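>>> sequence-free structure coming up:
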């Protein structure tokens, strides 16, 4: 299976990964994905072997270091093709499960639909090939690590593109109000986001053990989310971690609507979004739709979760 993308992409693909596991009993299931996601892959109960594969900018890898004989099946969970199709075909699979594309007319598969939720897209692909798949099969087993801040509200202001980063001063407003109401708040960030965390922590009066800088290893991040009172973030990987471990979440969407990447429906997960034309999720400035979300709106979505926990 090829899904050489990021953390959120991998977790959104869990229902498809599990469907492949069930659909090919007794087979070794190999996932071509970035080496940096090894701990995440190990937490997903659907993969036997990680085949390291990645490329800058979410592109299709140039090659796969496939060491084995031709696989019985190759599954393209990376994109619509044709580059990803051709990459997998170099392993000489018995059959290729992929979406149809004019650039590879010999590949028979369902049509690609742009306006479709990511989880549902890959499950639909597998269903077309006769492999039953459930888009709601998202939850992961409880993490083995202990939470570094059990019961805290986790606030994650970062994202890998500025288009999906809500302004740090607005996060600081939310954190200040939560602390005023007696809630513990911890900040998390990815590698290279320590300065961003400081721009939230300083005005919010946070410091010490409540600022988890430097980028947490996946085991600690998973434990933190699993034990959190709630997780607040933009449309980025940690939002998918919260869903995977059942933590209440409030996710702020901007360039991409939640109907494409948002959490499953239900009261535990709130997706905030102001409708408008789609934007560039990899843009260099905060998306205008994201900026329409105010701190009061975030608090109104978040506080009911916290009140339920208190009672």
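Arrived safely, thanks for sending. Treat the numbers as computed from the prediction; the structure is a model and nothing was measured.
>>> Run a quick neighbour tally on residue 6.
Using other CB atoms under 10 Å, residue 6 has 20 other residues around it. Placement of C-beta: from N, CA and C, glycine included.
>>> quick one: residue 205 from residue 295, how far?
Taking CB to CB, to the nearest Å as the measure, residue 205 falls 16 Å from residue 295.
>>> Who has more neighbours out of these two?
residue 295 (18 against 12).
>>> show me where the chain has strands.
With DSSP state E as the criterion, the chain has strands at 30-33, 49-52, 73-75, 95-97, 153-156, 185-188, 211-212, 230-234, 249-252, 269-272.
>>> Can you lay out the ones you listed as TSV showing distance to residue 307?
Below are the strands of the chain laid out as TSV (distance: least, CB to CB, whole Å):
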stretch	distance to residue 307
strand 30-33	39
strand 49-52	42
strand 73-75	44
strand 95-97	46
strand 153-156	12
strand 185-188	16
strand 211-212	25
strand 230-234	11
strand 249-252	14
strand 269-272	14
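>>> Tell me which stretches of the stretch 101-250 of the chain form helices.
For the stretch 101-250 of the chain, applying DSSP state H, counting those that start in this stretch gives helices covering 118-128, 168-180, 194-204, 218-226, 237-244.
>>> Could you list the buried residues of stretch 60-75?
Neighbour counts over stretch 60-75 (16 or more other CB atoms under 10 Å) mark 60, 61, 64, 66, 71, 73, 74, 75 as buried.
>>> So which of those sits lowest on pLDDT?
The member of those with the lowest pLDDT is residue 66, and it reads 91.
>>> Tell me who's in contact with that residue.
Taking CB atoms under 8 Å, 6 or more residues apart in numbering, we find residue 66 in contact with 51, 90, 91.
>>> ChimeraX command for the buried members of those residues?
Selecting only the buried members of the contacts of residue 66 in ChimeraX, with burial defined as 16+ other CB under 10 Å, works like this:
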select :51,91
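>>> wait, which of the contacts of residue 66 is closest to residue 136?
Nearest to residue 136 among these, counting by CB to CB, is residue 51 at 27.5 Å.
>>> Hmm, the closest one is touching residue 65, no?
Yes: counting by CB atoms under 8 Å, residue 51 touches residue 65, with 6.9 Å between them.
>>> residues touching residue 170, list them.
Going by CB under 8 Å, 6+ apart, the list of residues near residue 170 reads 294, 295, 298.
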